[in-house]
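Build me a model:
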Amino acid sequence: VVLPNCVDTTEFTVSPTREAGPIRLLIAGTHYQPERVTLGLHALRDVLDSGISANLHVAGRLAWEGAERETTNLIEQLGVSAFVELSGSYTFQNAKNMYTNADILLHLKYKDPCPNVVIEAMACGLGIIGSRSGGLPELVKPDSGVLLPVSDSWDEMCYPSVEAIAAGILEIASSLTQRRQASRKAAERMFDSDAWVEQHTALFRALLSG
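Presented below is the predicted three-dimensional model:
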C-alpha cells in the first residue's frame, strides 16, 4: 500500500475569484539547487518575449552558496525586475495566501518523491509544471499539469530545458480554468487528510488483527 502525503483540503482551498491579469507563476520551497530558480527566471523571460503577460513569485529560502547575489544578478541581466518578487522564507500560516495568489507552480526539483508543495498547490487549484521524475508522475496527471521529460540519472541532477518550461507555461495558460479545476479535484480525491487518516486507521487495524 502506497499512501502519498496529505493536505487539509478545508484549509488549502481555491480562491473564489480569479481576476483578469498576468499569468501568476510561483516557485516555492527551500531552494538548494540554483536551477530550481534560475530556470524559472529564464522561462519567464521567454514567456514575456512571446507576448504573454506574466509575473513570478519566488518564495522560500535561496539556500545554495552565493544564491542571493546570483539570483539578483540574473534578474537584472534578464530585464525582469518589474515582473519578479523574491519574498524569502514563509510559514505554514501564510502558505495558503501564497498559493491562492498564483496560477501555476513551477516545481523543477529532480526526483522529488512526494513534495508537499505540489500537493498543497493542487489543493489550491494551481496548474503544475515539473519534471517527469521521482514521484511526480503519480501525483500530477495530464489534466492538471505538465511534466517535462528529463534524463534518468543517479549521478547528477537533470532538468528540462528553458524552452520546454516556457512551452509548458503557455500550454497550461491556454486552458487555465480547466487545469485549476482538475488540480483541485485530484487533491480532494488523492490527498485529502481526512481520507488519509481513515486509510491509515484501516491499515493499522488490519495489521493488529493479524
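
Would you state the strands of the protein in chain order?
Counting by DSSP state E, the segments of the chain that form strands are 23-28, 54-59, 84-88, 104-107, 127-131, 145-148.

Include mean neighbour count and distance to residue 113 when you put those into TSV, please.
The C-beta positions use only the backbone N, C-alpha and C, and glycine is treated the same way. Formatted as TSV, the strands of the chain follow (neighbours: other C-beta atoms under 10 Å; distance: least, C-beta to C-beta, whole Å):
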stretch	mean neighbour count	distance to residue 113
strand 23-28	22	17
strand 54-59	22	21
strand 84-88	14	25
strand 104-107	25	12
strand 127-131	27	12
strand 145-148	22	15
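
right, and those strands - which one's nearest residue 160?
Closest to residue 160 of the strands of the chain is strand 145-148 (C-beta to C-beta; 3.6 Å).

Let me see the residues that make contact with that closest one.
Strand 145-148 has contacts (C-beta atoms under 8 Å, 6 or more residues apart in numbering) with 127-132, 136-137, 140, 160, 164-165, 168, 171-172, 179, 183.

So what's the residue count around residue 67?
17 (other C-beta atoms under 10 Å).

That one is in contact with residue 31, isn't it?
Yes - taking contacts as C-beta atoms under 8 Å, residue 67 lies within contact range of residue 31: 7.1 Å.

any shared contact partners between those two?
residue 37.

hmm, back to that, can I get the strands of the chain in JSON lines with mean pLDDT?
Formatted as JSON lines, those follow (pLDDT from 0 to 100):
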{"stretch": "strand 23-28", "mean pLDDT": "97"}
{"stretch": "strand 54-59", "mean pLDDT": "98"}
{"stretch": "strand 84-88", "mean pLDDT": "96"}
{"stretch": "strand 104-107", "mean pLDDT": "98"}
{"stretch": "strand 127-131", "mean pLDDT": "97"}
{"stretch": "strand 145-148", "mean pLDDT": "97"}
